[in-house]
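Q: Give me a 3D structure for the following:
(one chain, ligands or ions: 1)
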Amino acid sequence: MSTELQELLDSNRQWAAETETREPGFFSRLLKQQTPQYLWIGCADSRVPANELVNLLPGELFVHRNVANVVVHSDLNCLSVMQFAVDQLKVRHIIVVGHSNCGGVKAALMDSRVGLVDNWLRHVQDVRHLHQDWLDGLPAEQRVNALCELNVLEQARNACHTTVVRDAWVRGQEVVVHGWVYGLHNGLLEDLQITADRAESVDPAYRRALARVKQRYAH
Ligand SMILES: [Zn+2]
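A: Model (predicted):
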């Protein structure tokens, strides 16, 4: 085996030993159940590791990641994760998390040809087209991060419109959808405040959050 991979396995053994020393019985407790309160839907980018950013342990965060944190109504992978998280694990919060300088968002903005992922990024281009006039009015250097934030709002809204979330709200289950953005430059998460806890609050929350993003980039 290559030295690099052996290092990973060695690190894993050290981490498992340290964790068990710090919290005896940690793994045997996790074996019995997981009770995460949160579902994180984030970008696959290696610089945005979900658990580390919010300092949560194994068992505390249910995670789905894809390129550019997209929530599409026909993506059975994402929908299956959401359904299991909401219906079985009863997570209380679904957080769609984008990040600044996202390569997927940048490719969608620039119309770059990368490969198969271009087809996936059409969903982000849909977001771009929705806000094209406003984006065109921004200084070029701000457009990527502005589209990263708009993409979070659209994907969070998509999450609200899935049958999984709508059905949960209809039966009175408490699930709140959020949209956050992570700054690669400073390591900080920011709440874009598209916070919806029932069907009627989705559109007003979207409009307020959108106005807030536009206001911030107006300066
Ligand atoms: Zn990304």
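Q: okay, CA-based contacts and neighbour counts for the rest of this
A: Will do.
Q: This structure: helices as residue ranges?
A: Applying DSSP state H to the chain gives helices spanning 3-22, 26-32, 50-54, 76-83, 103-110, 117-120, 122-130, 132-136, 143-161, 163-170, 199-217.
Q: Does anything pack onto the helix or strand bottoming out on mean pLDDT in the chain? Which helices or strands?
A: Ranking every helix and strand in the chain by mean pLDDT, DSSP states H and E puts helix 26-32 at the bottom, with a mean of 92. Applying 3 or more Cα pairs under 8 Å, 6 or more residues apart in numbering; DSSP states H and E, we find helix 26-32 packed against helix 3-22.
Q: Quick check, pLDDT for the residue of the chain found nearest the ion.
A: The nearest approach of the chain to the ion comes at Cys102, 3.7 Å away (Cα to the ion). pLDDT, Cys102: 98.
Q: burial of Asn119, as a residue count?
A: Per other Cα atoms under 10 Å, the neighbour tally for Asn119 reads 13.
Q: how close does the residue nearest to Gly103 when sequence neighbours are not counted sit to Val181?
A: Using Cα to Cα, 6 or more residues apart in numbering and skipping the chain neighbours, the partner closest in space to Gly103 is Ala68 (7.8 Å). With distances taken as Cα to Cα, to the nearest Å, Ala68 is found 12 Å from Val181.
Q: Which neighbours do these two have in common?
A: Shared contacts of Ala68 and Val181 (Cα atoms under 8 Å, 6 or more residues apart in numbering): Gly98.
Q: Compare these two and say which is more crowded by neighbours.
A: Remark: of Ala68 and Val181, Ala68 carries more neighbours, 28 against 23, as counted by other Cα under 10 Å.
Q: is it true that the more buried one touches Val105?
A: Yes. Between Ala68 and Val105 there is a contact under Cα atoms under 8 Å: 6.2 Å.
Q: Can you pull the residues that touch both of these two?
A: Contacts common to Ala68 and Val105, judged by Cα under 8 Å, 6+ apart, are Leu121, Val124.
Q: I'd guessed the residue of the chain closest to the ion sits against Asn66; true?
A: No. In this structure, Cys102 is not within contact of Asn66 by Cα under 8 Å, at 11.8 Å.
Q: Of all the residues in stretch 79-94, which ones are buried?
A: By neighbour count, and taking 16 or more other Cα atoms under 10 Å as the criterion, the buried residues in stretch 79-94 are Leu79, Met82, Gln83, Ala85, Val86, Leu89, Lys90, Val91, Arg92, His93, Ile94.
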